[in-house]
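Colleague: structure for the following, please:
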Amino acid sequence: MVNNNNLNLTKEKEFDADSSTKNQSSPSKEDGMDFKELFEQSLNQLQYGDIARGKVVQIKDDRVMVDVGWKTEGYIPAGEIKDTRGNINISVGDEIDVFIDKRDSEGTLVLSKDKASKFKIWDDIKNACDNNILIEGVVVEKVKGGLSVDIGIIAFLPGSQVDIRPIKDLDKFVGQTLDFNVLKYDRKRNNVVLSRRSIVSSEREAEKKDILKSIQEGNIIEGVIKNITDYGVFIDLGGIDGLLHVTDISWGRIAKPAENFRKGEKIKTKVLSFDSEKERVSLGLKQLMDNPWERIIEKYPVGSIVEGKVVNLTDYGVFVELEPGVEGLVHISEMYWTREIKHPSKVLNMDETIKVMVLEVNPETKRVSLSLKQTTANPWEKLKEKYPVGTVVKGVVRNITNFGVFVGIEEKIDGLIHVSDISWKHRVTHPSEYFKKGQEVEAVVLNVDVENEKFSLGIKQIEKNPWYDLSQKYAPGSVVTGKITNFTDFGIFMEIEEGIEGLVHISEISQKRVKTSSELYSMGDTVSAIVKSIDPKSKKIRLSIKELEAPAPAQAPTSNQYINNTENVGSNLSQALAEVKINNQQKGE
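Modeller: Take a look at the predicted model:
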């Protein structure tokens, strides 16, 4: 604060000798005055430290002469009168207030206009504080804890007294001329504390009453952004706050309102609803614009190719802004025909402009499905034309799984050789038994499924299916010889040619009753059997050993006939169940 020591004056109660001492011995002009004139003259006698009204009688370079009613004139130093350019802005005959200061070494009365002004200011300050009268001032600068204000002297405005709410940016008040209340003052310490809280509060209350009268649903109203949250923006409408909910900001998607708005900004919104009792106002911004979803189908027909800007990248796809308020999703499966993408951010960037095809538009759910890959030719269509079914191709093994082998035929397009299409004869447990990564193989094109983007290949199809020759080579009733390769609960498997096995059901092993096939044979035994049937499609051969044996002697019917019949029925049922089991197992293979 500015310390005006020149205001701490000691009013000396000295009377001018010429004006206070009466000349009793010599005659004077006063001798002819009556009592009334002498009384009026005594009232004009001033003391040092008084404020007097004087008239400018002469202007010199270094001083301004002022008649204050004394017997001699006083002067004000020109430095107090001159402005910043050195000009004196008063004229002869002007009346001004002056402070009766002192006499100089030559006995001339010295006056002060500045001190008179400061004394008057303190009177105004006291009056303003005692009677709650507003005082005007200019905000000079921001200081620690508040603002410095010039009200004739420098006063302090605490930050907490600037407004009814905390103000972070005090610099915006610098240079403004405002009205203030005087909270307290100390003339000795030259200290004055100001406030604007009650003034602002009164202004807000007046504004609030006017705003409440004018707010109606459908009105467009201007306010200042007061606070920003994740769920919306609070707007000061002038003494009352309105909420602009995040869903009413834009017809499109708004993730974080703080990315689109700033505190202190002016904004126009539409009143959506108003509760006068609770003083709640719901505002809308998107309602000031046309709803783009009302004409979305006409503007973006299915199959059309449009441009858009990438506004969001997620694990499952890319959101593309077609226009303000309208976004569409390019699912990750619709990004590229053949390229495998772990995350869209690996191939696209935010704010990148891309061309997409409209796949689906739903105005009700406000969803648009887009495709990036369908703006280019479908390589699977070309693949189908290039490799008709039956074409023999060559490729390198790129990957091996338990269900098959992937072979690279075209760039970024692999064909699958399923485990069931590797061999006609051999039972393949795992493809790694036959293939290695990087190995070159030859295969036949079985199918190109454009819709599902599948390329099926086969290796066994290069050779003729040996099962069709078997039906001619081994007619029913013919005798074959082979080695036992496997024992099961329902019979034994014997290999009649390399990779070709037939089943001898347990009921066909012997004319004798046999609980298990291992009672008669061992693994690797060479046995002969009769071919009962061959099914090339299901790759099944039914064999019988017992039919090569001599027929059992006939026996007369006995009381055990019923039991034998039961055994025969059981045997037939056992054979039927065994065949079902075999069928199920082979299907599983």
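Colleague: kindly provide the distance from Ser160 to Ile153.
Modeller: Distance of Ser160 to Ile153, given as C-beta to C-beta, to the nearest Å: 22 Å. C-beta coordinates here come from the backbone N, C-alpha and C atoms, glycine included.
Colleague: of those two, which one has the most company?
Modeller: Ile153 (20 against 12; other C-beta atoms under 10 Å).
Colleague: hmm, Ile121 and that one touching each other?
Modeller: Yes: counting by C-beta atoms under 8 Å, Ile153 does reach Ile121; the two are 5.8 Å apart.
Colleague: domains of this structure?
Modeller: Domain assignment for the chain by automatic domain parsing gives 5-21+33-117, 215-288, 304-375, 381-462, 466-552+574-588.
Colleague: need the ones you listed in JSON lines (columns: mean neighbour count and mean pLDDT).
Modeller: Below are the domains of the chain laid out as JSON lines (neighbours: other C-beta atoms under 10 Å; pLDDT from 0 to 100):
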{"stretch": "domain 5-21+33-117", "mean neighbour count": "14", "mean pLDDT": "68"}
{"stretch": "domain 215-288", "mean neighbour count": "16", "mean pLDDT": "86"}
{"stretch": "domain 304-375", "mean neighbour count": "16", "mean pLDDT": "90"}
{"stretch": "domain 381-462", "mean neighbour count": "15", "mean pLDDT": "87"}
{"stretch": "domain 466-552+574-588", "mean neighbour count": "15", "mean pLDDT": "79"}
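Colleague: nearest to Ile296, out of those?
Modeller: Nearest to Ile296 among these is domain 304-375 (5.3 Å), distances taken as C-beta to C-beta.
Colleague: now that closest one, how far from the chain's geometric center?
Modeller: Averaging C-alpha positions (C-alpha atoms, centre = their mean, to the nearest Å) puts domain 304-375 18 Å from its chain's average.
Colleague: would you mind measuring the gap between the ends of it?
Modeller: 10 Å (C-alpha to C-alpha, to the nearest Å).
Colleague: separation between Asn378 and Pro388?
Modeller: Look at Asn378 and Pro388: by C-beta to C-beta, they are 17 Å apart.
Colleague: all helices for the stretch 51-200 of the chain, in order.
Modeller: Secondary structure of the stretch 51-200 of the chain (DSSP state H, counting those that start in this stretch): helices at 78-81, 113-131, 197-214.
Colleague: could you dump the ones you listed into JSON lines with distance to Met357 added?
Modeller: Formatted as JSON lines, the helices of the stretch 51-200 of the chain follow (distance: least, C-beta to C-beta, whole Å):
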{"stretch": "helix 78-81", "distance to Met357": "84"}
{"stretch": "helix 113-131", "distance to Met357": "75"}
{"stretch": "helix 197-214", "distance to Met357": "50"}
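Colleague: for Val393, find the nearest of these.
Modeller: helix 197-214 (78.7 Å).
Colleague: okay, the helix or strand following that closest one in PDB with CA atoms only?
Modeller: Using DSSP states H and E, the helix or strand that follows helix 197-214 in sequence is strand 220-229. What follows is strand 220-229, C-alpha atoms only, in PDB (Å, rounded to 0.1, in the frame of the first residue of the first chain):
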ATOM      1  CA  ILE A 220     -32.800 -19.300 -26.900                       C
ATOM      2  CA  ILE A 221     -30.700 -17.800 -24.100                       C
ATOM      3  CA  GLU A 222     -27.100 -16.800 -23.700                       C
ATOM      4  CA  GLY A 223     -25.000 -17.600 -20.700                       C
ATOM      5  CA  VAL A 224     -21.400 -18.100 -19.500                       C
ATOM      6  CA  ILE A 225     -19.900 -21.600 -18.900                       C
ATOM      7  CA  LYS A 226     -19.500 -21.900 -15.100                       C
ATOM      8  CA  ASN A 227     -18.400 -25.600 -14.600                       C
ATOM      9  CA  ILE A 228     -17.700 -28.700 -16.700                       C
ATOM     10  CA  THR A 229     -18.300 -32.300 -15.600                       C
END
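Colleague: who does the next helix-or-strand element following strand 220-229 pair up with?
Modeller: Per DSSP H and E, the first helix or strand lying C-terminal to strand 220-229 is strand 232-236. Counting by DSSP bridges, the strands paired with strand 232-236 are strand 220-229 (antiparallel), strand 241-245 (antiparallel).
Colleague: for the domains of the chain, which one sits closest to Leu178?
Modeller: So among the domains of the chain, domain 215-288 is nearest, using C-beta to C-beta, at 18.1 Å.
Colleague: what about that closest one, start to end distance?
Modeller: Using C-alpha to C-alpha, the end-to-end distance of domain 215-288 comes to 17 Å.
Colleague: and what of stretch 83-97?
Modeller: Terminal residues of stretch 83-97 are spaced 18 Å apart (C-alpha to C-alpha).
Colleague: now the helices for the stretch 451-589 of the chain?
Modeller: 466-473, 561-588.
Colleague: any idea how far Lys342 is from His331?
Modeller: According to C-beta to C-beta, His331 stands 15 Å off from Lys342.
Colleague: do the same with Val368
Modeller: As judged by C-beta to C-beta, Val368 and Lys342 stand 25 Å apart.
Colleague: and what of Ile100?
Modeller: Taking C-beta to C-beta, one finds Ile100 at 92 Å from Lys342.
Colleague: then Thr353?
Modeller: Separation of Thr353 from Lys342 (C-beta to C-beta) stands at 23 Å.
Colleague: helix, strand or coil for the residue nearest the centre of the chain?
Modeller: With distances taken as C-alpha atoms, centre = their mean, Ala255 lies nearest the centre of the chain, 3.7 Å away. Counting by DSSP: H, G, I helix; E, B strand; the rest coil, the backbone at Ala255 sits in coil.
Colleague: please name the nearest non-neighbouring residue to it.
Modeller: Nearest non-adjacent residue to Ala255, counting by C-beta to C-beta, 6 or more residues apart in numbering: Asn312, 7.9 Å away.
Colleague: pretty sure that neighbour is in contact with Val318, am I right?
Modeller: Yes: in this structure Asn312 lies within contact range of Val318 using C-beta under 8 Å: 7.2 Å.
Colleague: Arg204: what's it in contact with?
Modeller: Arg204 makes contact with Ile164, Gly238, Gly239 under the criterion C-beta atoms under 8 Å, 6 or more residues apart in numbering.
Colleague: element containing the last one?
Modeller: For Gly239, there is no helix or strand it lies in under DSSP H and E.
Colleague: does it touch Ser214 like I think?
Modeller: No: between Gly239 and Ser214 there is no contact under C-beta under 8 Å: 11.6 Å.
Colleague: could you measure from Thr365 over to Ile417?
Modeller: 43 Å.
Colleague: just Val441 next, same as before
Modeller: Taking C-beta to C-beta, one finds Val441 at 8 Å from Ile417.
Colleague: who touches both of those two?
Modeller: By C-beta under 8 Å, 6+ apart, the residues touching both Val441 and Ile417 are Val405, Val407, Ile459.
Colleague: out of these, who's nearest Glu203?
Modeller: Closest approach between those and Glu203, by C-beta to C-beta: Val407, at 81.8 Å.
Colleague: list the contacts of Thr495.
Modeller: Careful, residue 495 is Glu and not Thr. Gly482, Lys483, Thr485, Glu501 are the contacts of Glu495 under C-beta under 8 Å, 6+ apart.
Colleague: between which two of the residues you listed is the distance greatest?
Modeller: Lys483 and Glu501 (9.9 Å).
Colleague: find residues that contact each of the two.
Modeller: Both Lys483 and Glu501 are in contact with Met494, Glu495, where contact means C-beta under 8 Å, 6+ apart.
Colleague: burial check on Ala155, number of neighbours?
Modeller: Counted with other C-beta under 10 Å, Ala155 comes out at 25.
Colleague: these two touch, right, it and Val192?
Modeller: Yes: counting by C-beta under 8 Å, Ala155 touches Val192, with 3.8 Å between them.
Colleague: can you give me the strands for the stretch 51-200 of the chain?
Modeller: 51-59, 63-67, 74-77, 95-103, 109-112, 135-143, 146-150, 154-158, 177-186, 191-195 (DSSP state E, counting those that start in this stretch).
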